[in-house]
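Asks: pasting the sequence and the predicted model now:
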Amino acid sequence: MSQAIIVSHATTVRCFLMRYHAVPYLPAPAIEREGIHIFYAWEILRPLMIGHTAVLIQKKTLIDPPSLARALRKYNISRMMVTASLTKNMLELVADQLRELGDSHGLRYWLMVGEVRT
């Protein structure tokens, strides 16, 4: 059975505005690249609404920490929103690669949110 999270347009916009304020994007002419995965498909709109780039991460890449670390580097992703369990897996399996991404100023924000229930 498919599951969905149903929210109003107003709720989505309020969430975006709050996040723009709490975790701001770099000002123009800089372009940030935000990694987006299918669990949070509506998040594709957030960076696009203010002139930044959304990079869709495939599920098979998302659930494989070494593949995700490679994708973060390959697509020069500067911010990513993930669950706590994915963060745990990433830290256990590819912590050095994440550290390198942060040190090279590629990955600026790693935002953790609640778990997706399927």
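Replies: Arrived safely.

Asks: could you measure from Leu107 over to His9?
Replies: Leu107 is 30 Å from His9, where distance means CB to CB, to the nearest Å. For every residue, glycine as well, the C-beta is placed using N, CA and C.

Asks: should've said Leu91
Replies: Relative to His9, Leu91 is positioned 35 Å away (CB to CB).

Asks: tell me what Ala53 is bridged to.
Replies: Residue 53: Thr, not Ala. Arg33 (DSSP bridges).

Asks: tell me the centre residue of the protein?
Replies: Among the residues of the chain, Met80 comes closest to the average C-alpha position under CA atoms, centre = their mean, at 2.2 Å.

Asks: and it, that's in a strand?
Replies: Yes - read with DSSP: H, G, I helix; E, B strand; the rest coil, Met80 is one of the residues of a strand.

Asks: the closest residue to it other than its chain neighbours sits in which helix or strand?
Replies: Nearest residue to Met80, sequence neighbours excluded (CB to CB, 6 or more residues apart in numbering): Gly35, at 4.1 Å. Assigned by DSSP states H and E, Gly35 belongs to strand 33-37.
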